[in-house]
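>>> Please work out how this folds:
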Amino acid sequence: MSITTLEETAAAPAPAARPSRRTRRRGERGPAGIALLHGGLAVASLIALAPVAWLIFLSLGPEKDDYLHPGKILGKVTFSNYSYVLQHTGFFDWFKSTMIVALGTTVIGVFVAATTGYAVSRMRFPGYKPLMWVLLLTQAFPIAILIVPMYEIFSELDLIDTYWALIVINCTTAVPYSAWLLKGYFDTIPFEIDEAGRVDGLSPFGTFFRLILPLARPGLAVAAFYNFITAVGEVAFATTFMLDDSKYTFAVGLQTFVSEHDAQWNYMAATAVLIAIPVSVFFYLVQKNLVTGLTAGGTKG
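A predicted model of the protein is given here:
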């Protein structure tokens, strides 16, 4: 009896082991957390895209007052606003002026900011810390109180109604922030690279241009994008210093659609959409380095 019982016990299959419950690692989100995160990102994306979609929608209405009755636009969608802006306004003159000013500001501003940030990051000279704070202090002055003295200075230099005036002024606005950004990025690059350059016989300028700048491309991309959009969107100085209609930038050209008693919102919307194209192209060219540059530039100060 006992032998039969032992044989039956030995022949009985062992109970299946229960699958062990997966332990969630620290910081790992559960299904509810993932769904909440994606839902929040989707809502944030809709909020960010809504103004752009609304602007494009308004640009398709043929009448200047269509923004008051947007529901009626669907029945009369047209691209006539774009053809009018391209054929009967100074759009291409505005485009040329904007590109000259924006690209000039980008090249000169990034060069000055990069050399300044590198010098403060690597060299210890008298006043290197106050220099950065002075640059930051320049951002505290309102544009309104700077226009008159700058106008007098540029009048003495015979630079009124020239692209150089806007380029220099935009650089004074963009360089301080860019210098702080690039200084923080250069701090993340090991100092041993500079020492290796000197061992190989490179001068300080050679080390900077041949070794440091290639490693700092993400930071340079962020600074370039900031300088570019600063120049494209600047209005006050461009309105004051540019007297010739053919030298208006995009921001000033938009104001020609607004008069004391009237505003052509349909043409303004179409022009704004066209203005976004070169900015989007520039963003596309540098977007691969933007996230890296922004995060690395903020790790040290």
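
>>> ok, now how distant is residue 118 from residue 127?
Distance from residue 118 to residue 127, counting by C-beta to C-beta, to the nearest Å: 16 Å. From N, CA and C alone the C-beta is placed, and that goes for glycine too.

>>> Could you do residue 138 as well?
For residue 138, the distance to residue 127 - C-beta to C-beta - is 16 Å.

>>> More neighbours: those two, which one.
residue 138 (12 against 8; other C-beta atoms under 10 Å).

>>> name the element the closest residue to the more buried one other than its chain neighbours belongs to?
Of all residues not flanking residue 138 in the chain, residue 176 sits nearest, at 5.5 Å (C-beta to C-beta, 6 or more residues apart in numbering). Using DSSP states H and E, residue 176 falls within helix 163-187.

>>> Let's see the pLDDT reported for residue 102.
Predicted confidence (pLDDT) for residue 102: 93.

>>> Next up, the contacts around it.
Neighbouring residues of residue 102 by C-beta atoms under 8 Å, 6 or more residues apart in numbering: 227, 228, 231, 232.

>>> so residue 268 touches residue 255, yeah?
No: with contacts counted by C-beta atoms under 8 Å, residue 268 stays clear of residue 255, the gap being 9.2 Å.

>>> Check the gap between the closest residue to residue 76 other than its chain neighbours and residue 150 for me.
Using C-beta to C-beta, 6+ apart and skipping residues adjacent in sequence, the residue nearest residue 76 is residue 62, 5.9 Å away. Using C-beta to C-beta, one gets 42 Å for the distance from residue 62 to residue 150.

>>> Compare these two (neighbour count), which wins?
Neighbour comparison, residue 62 and residue 150: the larger count goes to residue 150, with 19 against 14 (by other C-beta under 10 Å).

>>> Quick check, pLDDT for that one.
pLDDT, read off for residue 150, is 88.

>>> Tell me how far it lies from residue 277.
Distance from residue 150 to residue 277, by C-beta to C-beta: 31 Å.

>>> before we move on, the earlier item: give me the secondary structure label for the residue nearest to residue 76.
Using DSSP: H, G, I helix; E, B strand; the rest coil, the structure places residue 62 in coil.

>>> Tell me if I'm right that it and residue 75 touch.
No: here residue 62 lies out of contact with residue 75, judged by C-beta under 8 Å, at a distance of 10.7 Å.

>>> what about the protein, any weak spots by pLDDT?
Applying pLDDT under 70 to the chain flags residues 1-28, 289-301.

>>> And the helices in it?
For the chain, the helices defined by DSSP state H occupy 2-11, 31-59, 80-88, 91-122, 128-137, 143-156, 163-187, 192-199, 204-207, 213-215, 217-233, 236-241, 250-253, 265-297.

>>> Turn the ones you listed into CSV, including distance to residue 69.
Converted to CSV, these look like this (distance: least, C-beta to C-beta, whole Å):
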stretch, distance to residue 69
helix 2-11, 85
helix 31-59, 11
helix 80-88, 16
helix 91-122, 27
helix 128-137, 48
helix 143-156, 37
helix 163-187, 39
helix 192-199, 62
helix 204-207, 62
helix 213-215, 54
helix 217-233, 30
helix 236-241, 32
helix 250-253, 27
helix 265-297, 12
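
>>> Which one, of those, ends up nearest to residue 70?
helix 31-59 (6.9 Å; C-beta to C-beta).

>>> Please name every helix or strand in contact with that closest one.
On a contact count with 3 or more C-beta pairs under 8 Å, 6 or more residues apart in numbering; DSSP states H and E, helix 31-59 meets helix 265-297.

>>> starting at the chain centroid, how far to the helix it packs on?
7 Å (C-alpha atoms, centre = their mean, to the nearest Å).

>>> Could you do stretch 87-107 as well?
Here stretch 87-107 is found 18 Å from its chain centre; the criterion is C-alpha atoms, centre = their mean.
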